[in-house]
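1. With the sequence up front, the predicted model follows.
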Amino acid sequence: MSVRRSAAALAAASAVLCVAGAPAATAAPAPSPSPSAALPTGLYGTQDPTYDGVWRQSLALLAQDVVKTVPADQAVDWLTGQQCANGGFASYRADVAKPCDAKTMLDTNATAVAVQALRALGGHRDAVNKGIGWLKSVQNEDGGWSYNPGMPSDANSTSIVISAFASAKARPGELRSKSGKTPFDALVSFAIPCADTAGGGAFAYQPDKAGKLLANGDATAAGVLAGLGRGMILAGPKPGGEPRCATPAKATPEQSARNGAAYLAKALAKTGHLDSPPLPGATDPAPKPDFGNTADAVLALSAAGHSDKASDAIRWLEQNSAAWAKGAGPAAYAQLILAVHAFGADPRDFGGADLVQQLNATGPAPVSTTAPAAPQAKADDSESGTSGDSAGIWWFIGAGVAAGAGIGILISGRRKSKQQ
């Protein structure tokens with residue numbers, strides 16, 4: 001769920017993600033700035049939106065929602081205008097007057113985060129339902145999703161789509177591919193057993209060429225949210241006891257998520273931050289601190305009830321993230337706001353910085369912004385037209401349906417979904 005989405009989209013466009021085991025490109029440089037005159041009206045940020053326009057816009061709107069900021073109409077209109085007639089979103093469409101066609105590279109990550117943002121804003125039921133419908137139509141046979149339809153599933157894309165379904169109350173545990181697999185079946189397939197000394201409890205992005213699962217911080221943070229049936233907006237920290245990695249005979253999505261939280265807690269305890277591995281061909285092989293993944297880890301630990309284990313990470317971000325956020329732009333400010341809010345701290349006074357003001361300054365002036373009281377759970381407005389059952393038990397409902405129906409375990413490649 002990090003700012004790396006812009007780099008990952010670029011990698012997807014270059015077919016890098018076709019190679020099994022390709023990691024999320026966390027440390028790739030952001031697209032170069034564009035002249036402000038060339039930027040669309042209503043868009044947050046000043047950088048080229050080609051690979052992250054919808055992603056950063058959606059994150060900005062989500063972050064504004066949690067701090068009770070009402071965005072400008074033109075900012076919301078920009079996002080809704082990016083949606084294709086079939087419900088999907090590309091990373092960015094420069095000419096929205098031109099209908100989407102088979103050449104439009106639709107993006108599950110952009111669609112999933114846009115669904116979350118529009119759901120949070122309210123009043124966009126049709127757009128949310130169309131987005132959910134498109135995501136259903138491009139589910140892989142293993143139950144998961146790839147960045148762009150037609151590629152092998154990866155943990156990050158599968159997780160962000162599950163979180164979108166959870167936010168829209170769309171019951172991901174009941175969604176099945178033709179072979180009977182659910183999104184949670186795909187998710188747990190990326191979970192590394194606790195006995196693995198190198199990355200026990202973590203999620204891998206994809207298996208490597210040899211089929212081995214390697215720990216990935218970004219995939220783990222996203223997997224924790226998805227396994228718990230949570231979206232990016234959290235109401236505040238809740239106690240959950242000491243994080244512990246356990247591998248039962250058949251791991252559930254929730255247990256896999258809690259194992260992931262234990263891995264993140266252990267990783268953050270070392271330095272207070274996560275590192276990103278060097279990219280292929282990098283001249284400096286030393287790992288670098290990863291600000292985005294560290295913020296995502298705080299969000300994930302807070303969702304799992306272990307915000308106390310994120311205290312060092314919050315302090316590290318307070319002291320070190322300012323230059324990164326300024327350079328990365330609105331998505332970075334949004335990540336920090338979402339993490340700080342979930343942790344239970346004040347995004348308006350984060351190491352002396354007002355993250356809300358800094359985010360708002362990257363886009364059109366909001367209609368209003370009000371300092372909220374203590375974080376409270378947001379009531380479900382039932383926009384999606386589905387019931388508001390607890391997201392955390394959807395995987396269990398789906399598993400029960402599978403057992404009752406006696407669905408066999410079949411794994412096969414799925415056709416590339418038709419896009420309109």
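-> Perfect, thanks for sending it.

2. quick one, strands of the stretch 151-300 of the chain?
-> Along the stretch 151-300 of the chain, counting by DSSP state E, counting those that start in this stretch, strands occupy 274-276, 288-290.

3. Let me see the mean pLDDT of the first one.
-> Strand 274-276 carries an average pLDDT of 93.

4. and that strand, which residues are buried?
-> Residues of strand 274-276 classed as buried: 274-276 (neighbour count, 16 or more other C-beta atoms under 10 Å). Glycine gets a C-beta too; all of them are placed from N, C-alpha and C.

5. can you tell me which of the strands of the stretch 151-300 of the chain comes nearest to Val298?
-> Set against Val298 and scored by C-beta to C-beta, the strands of the stretch 151-300 of the chain come closest in strand 274-276, at 10.1 Å.

6. Which residues does the closest one contact?
-> 26-27, 217, 264, 267-268, 287-290, 293-294, 297 (C-beta atoms under 8 Å, 6 or more residues apart in numbering).

7. ok, so of those residues, who is nearest Pro99?
-> Using C-beta to C-beta, Thr26 is the member of these that lies nearest Pro99, at 34.2 Å.

8. hmm, back to that, among the strands of the stretch 151-300 of the chain, which comes closest to Ala310?
-> strand 274-276 (11.4 Å).

9. Check the offset of that closest one from the chain's centre.
-> In terms of C-alpha atoms, centre = their mean, to the nearest Å, the centre of strand 274-276 is set 17 Å apart from its chain centre.

10. who does that strand pair up with?
-> strand 288-290 (antiparallel) (DSSP bridges).

11. what about the closest residue to Gly81 other than its chain neighbours, helix or strand, and which?
-> Of all residues not flanking Gly81 in the chain, Val96 sits nearest, at 4.9 Å (C-beta to C-beta, 6 or more residues apart in numbering). Element membership for Val96 (DSSP states H and E) is empty, with no helix or strand holding it.

12. For Val96, give me the pLDDT.
-> 95.

13. Assess the claim that it and Thr80 are in contact.
-> No. Under the criterion of C-beta atoms under 8 Å, Val96 is not in contact with Thr80, lying 9.9 Å apart.

14. What separation do you get for Trp272 and Gly211?
-> Careful, residue 272 is Gly and not Trp. Separation of Gly272 from Gly211 (C-beta to C-beta, to the nearest Å): 33 Å.

15. err, Ala365, not the other one
-> Counting by C-beta to C-beta, the gap from Ala365 to Gly211 is 52 Å.

16. Neighbour count: these two, which is higher?
-> Ala365 (12 against 8; other C-beta atoms under 10 Å).

17. Contacts only, for that one.
-> Counting by C-beta under 8 Å, 6+ apart, Ala365 has contacts Ala72.

18. so where's the stretch 151-300 of the chain uncertain?
-> 236-237, 278-280 (pLDDT under 70).

19. All the helices of it, residue numbers only.
-> For the stretch 151-300 of the chain, the helices defined by DSSP state H, counting those that start in this stretch occupy 155-167, 183-189, 217-227, 253-271, 291-303.

20. can you redo those helices as CSV with distance to Phe350 and mean neighbour count?
-> Compiled in CSV, the helices of the stretch 151-300 of the chain are given as follows (distance: least, C-beta to C-beta, whole Å; neighbours: other C-beta atoms under 10 Å):
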stretch, distance to Phe350, mean neighbour count
helix 155-167, 24, 29
helix 183-189, 31, 25
helix 217-227, 19, 31
helix 253-271, 18, 23
helix 291-303, 11, 30
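
21. Please name the residues that touch the closest residue to Ala204 other than its chain neighbours.
-> For Ala204, ignoring the flanking residues on the chain, the nearest one in space by C-beta to C-beta, 6+ apart is Leu213 at 3.8 Å. Leu213 makes contacts with 190-192, 196, 199, 204, 207, as judged by C-beta under 8 Å, 6+ apart.

22. can I get those residues in TSV with distance to Phe89?
-> Conversion of these to TSV gives the following (distance: C-beta to C-beta, whole Å):
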residue	distance to Phe89
Phe190	24
Ala191	28
Ile192	31
Asp196	36
Gly199	32
Ala204	26
Pro207	28
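
23. Could you pick out the buried ones from the residues you listed?
-> Buried among those by 16+ other C-beta under 10 Å: 190-192, 196, 199, 204, 207.

24. anything in contact with each of Val96 and Thr80?
-> Contacts common to Val96 and Thr80, judged by C-beta under 8 Å, 6+ apart, are absent.

25. centre of the chain versus stretch 174-192, how much separation?
-> 17 Å.

26. and if you look at stretch 104-114?
-> Worked out by C-alpha atoms, centre = their mean, stretch 104-114 lies 11 Å from the chain centre.

27. Show me the contact partners of it.
-> 1, 5, 8-9, 12-13, 54-55, 57-59, 62, 79, 82-84, 87-91, 93, 100, 131, 134-135, 138, 145-149, 156-157, 160-161, 163-164, 232, 419.

28. Just the buried positions in stretch 355-371, please.
-> Quick answer for stretch 355-371 (16+ other C-beta under 10 Å): 355-356, 358-360, 362-364, 369.

29. which of the contacts of Leu213 lies closest to Gly240?
-> Ala191 (18.4 Å).

30. Now the closest one: closest residue in space, sequence neighbours ignored.
-> Using C-beta to C-beta, 6+ apart, the nearest residue to Ala191 is Ser256, at 4.1 Å.

31. Cross-check the contact I'm expecting between that neighbour and Ile192.
-> No. Taking contacts as C-beta under 8 Å, Ser256 lies outside contact range of Ile192: 9.3 Å.

32. how far away is the residue nearest to Arg93 when sequence neighbours are not counted from Ile233?
-> The shortest distance from Arg93 to any non-neighbouring residue, by C-beta to C-beta, 6+ apart, is to Gln82 (5.6 Å). Using C-beta to C-beta, Gln82 is found at 21 Å from Ile233.

33. same question, Glu254
-> Glu254 is 19 Å from Ile233, by C-beta to C-beta.

34. got it, and Leu135?
-> Distance from Leu135 to Ile233, by C-beta to C-beta: 18 Å.

35. Arg171 too?
-> The value you get for Arg171 to Ile233, if C-beta to C-beta is used, is 18 Å.

36. Please apply the same query to Ala155.
-> Relative to Ile233, and taking C-beta to C-beta, Ala155 is found at 21 Å.

37. Then Val113?
-> In terms of C-beta to C-beta, Val113 sits 12 Å off from Ile233.

38. again with Gly352
-> For Gly352 relative to Ile233 (C-beta to C-beta), the value is 25 Å.

39. So between the two, which is more surrounded?
-> Ile233 (22 against 7).

40. Leaving out chain neighbours, which residue sits closest to that one?
-> Val66 is the one closest to Ile233 (C-beta to C-beta, 6+ apart), at 5.5 Å.
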